[in-house]
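Student: give me a model of this one.
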Amino acid sequence: MGLFDFFKKKETSPNEQEALDKGLEKTKEGLFSKLTKAVIGKSSVDDEVLDELEEVLVTSDVGVSTTLKIIERIEQRVSRDKYFGTSELNSLLKEEIQNLLAENNSNDFENFEYGNHKPYVIMVVGVNGVGKTTTIGKLAYKLKQAGSKVVLGAADTFRAAAVEQLKLWGERVDVRVVAQAMGSDPASVAFDTLQSAVANGEDVAIIDTAGRLHNKVALMNELTKIKNVMQKVIPGAPHEILLVLDASTGQNAIEQCKQFTQATDVNALALTKLDGTAKGGVVIGISDQFKIPVKYIGVGEGMNDLQLFDRQEFVNSLFK
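Tutor: Prediction:
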């Protein structure tokens, strides 16, 4: 079994599907109540319906530029096929969202090859409060369940709470945590974590980083330093830079994505707290705007509620 084979599944289990459906409930309810109001009294998809649809998507946090792209595609379909009834609008919208996500390679990780990296190094970035440490804990749990040896590095040394929370997760899922004194150099913690991971023959090292969204230059310098120090131990590390975003913050999540992608080479995204928000449409907007694959979604508080993002299952669940 490969390190991440626990995420590679031919079909979603009933429990996972139920968690996804439940997690997207608020987004689905918000989207469809707005769509229903948009087509009341209308039999065909005309300019007025498209204007209403545009407003529905924007207020569902899909984002303006992505919304305009979807509307343009639907306009082309309506123009080409001459007639679309409002009863067909849901299926039309579902198709175009799936097409958009497919073009944005949002399932890049479905067949992602992790190669012979040992340890495989994941650097996790994101602002405080987005569920970063919880995501690390849940990921460590899944890896451990799959038989991998995991170590966590507490490189967010600016907040005592961050280090303590990571230690608690380490105890909870029974994985080792490398930590230093408060205020220590984060790069030093990362260096120690990787050195000990190599010495102990661990399969995966996950490095937590500071959640401050300070000025871009300072953020870039700090993350670059951590990366450079890690590469002294393991050339090519980190193999994955995972940006964690809180879906419930809607457009603010898009702004955070912009800041962090300018500061470092983010190559994977995790969207958390989908179960507590009606703003799940932000997943579509972020995927479209940044062309970075959404790898994980958080759909609940449970240990198993971190799922590999599957664009088809996501859209199908949204339009059930």
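
Student: CA atoms for contacts and neighbours, from now on please.
Tutor: Fine.

Student: grab the nearest non-local neighbour of E29.
Tutor: A278 (7.7 Å; C-alpha to C-alpha, 6 or more residues apart in numbering).

Student: with T249 instead?
Tutor: With C-alpha to C-alpha, 6+ apart as the criterion, T249 has its nearest non-adjacent residue at 7.7 Å, and that residue is K279.

Student: surely that neighbour is within a helix?
Tutor: No: looking at K279 with DSSP: H, G, I helix; E, B strand; the rest coil, it is coil, so not inside a helix.

Student: wouldn't it be in contact with D246 here?
Tutor: No: using C-alpha atoms under 8 Å as the test, K279 is too far from D246 to be in contact (10.0 Å).

Student: ok now the helix or strand where F314 lies, how far from the chain's centre?
Tutor: According to DSSP states H and E, F314 maps onto helix 311-318. Here helix 311-318 is found 15 Å from its chain centre; the criterion is C-alpha atoms, centre = their mean, to the nearest Å.

Student: returning to what we had before: next, count neighbours for the residue nearest to E29.
Tutor: 23 (other C-alpha atoms under 10 Å).

Student: contacting residues around the helix holding F314?
Tutor: 20-21, 24-25, 27-28, 94, 97-98, 101-102, 106-107 (C-alpha atoms under 8 Å, 6 or more residues apart in numbering).

Student: tell me the helix or strand right after the least confident helix or strand in the chain by mean pLDDT.
Tutor: Ranked by mean pLDDT, DSSP states H and E, the helix or strand of the chain with the weakest confidence is helix 25-39, at a mean of 80. Scanning forward in sequence from helix 25-39 by DSSP H and E, the next helix or strand is helix 47-59.

Student: for the helix holding F314, what does the pLDDT average out to?
Tutor: Computed over helix 311-318, the mean pLDDT rounds to 88.

Student: give me the beta-bridge partners of the most centrally placed residue in the chain?
Tutor: Nearest to the mean C-alpha position of the chain, by C-alpha atoms, centre = their mean, lies A270 at 1.8 Å. Counting by DSSP bridges, A270 is bridged to V244, Y296.

Student: and the pLDDT for it?
Tutor: Looking at A270, its pLDDT stands at 95.

Student: hmm, V244 and it touching each other?
Tutor: Yes: the criterion here is C-alpha under 8 Å, and A270 meets it with V244 at 4.7 Å.

Student: report the separation between A278 and E75.
Tutor: According to C-alpha to C-alpha, to the nearest Å, A278 stands 26 Å off from E75.

Student: just L57 next, same as before
Tutor: In terms of C-alpha to C-alpha, L57 sits 15 Å off from E75.

Student: more crowded one of those two?
Tutor: A side-by-side neighbour count of L57 and E75, using other C-alpha under 10 Å, places L57 first with 23 against 16.

Student: and that one, how far from T27?
Tutor: Using C-alpha to C-alpha, we find L57 at a distance of 11 Å from T27.

Student: got any residues that touch both of these two?
Tutor: Contacts common to L57 and T27, judged by C-alpha under 8 Å, 6+ apart, are G281.

Student: so what's L20 up against?
Tutor: Contacts of L20 by C-alpha under 8 Å, 6+ apart are 299, 314, 317.

Student: quick one: which of these is most hemmed in?
Tutor: Scoring these on neighbours with other C-alpha under 10 Å, the highest-scoring entry is V299 at 23 neighbours.

Student: residue contacts, that residue?
Tutor: Per C-alpha under 8 Å, 6+ apart, neighbours of V299: 19-20, 22-24, 272-275, 305-307.

Student: domains in the chain, by residue range?
Tutor: The chain breaks down into these domains under automatic domain parsing: 18-103, 112-311.

Student: quick check: which of those is buried the most?
Tutor: domain 112-311 (a mean of 20; mean count of other C-alpha atoms under 10 Å).

Student: quick one: the residue nearest to I234 when sequence neighbours are not counted and A146, what's the gap?
Tutor: Excluding the flanking residues, the one nearest I234 by C-alpha to C-alpha, 6+ apart is L194, at 7.5 Å. Counting by C-alpha to C-alpha, the gap from L194 to A146 is 21 Å.

Student: re the thing from before, let me see the confidence value for the residue nearest to I234.
Tutor: Per-residue pLDDT puts L194 at 98.

Student: that one touches M230, doesn't it?
Tutor: Yes: if you go by C-alpha under 8 Å, L194 and M230 touch, sitting 6.9 Å apart.

Student: re the thing from before, now, which of the contacts of helix 311-318 sits nearest K142?
Tutor: L20 (17.1 Å; C-alpha to C-alpha).

Student: for that closest one, give me the pLDDT.
Tutor: 88.
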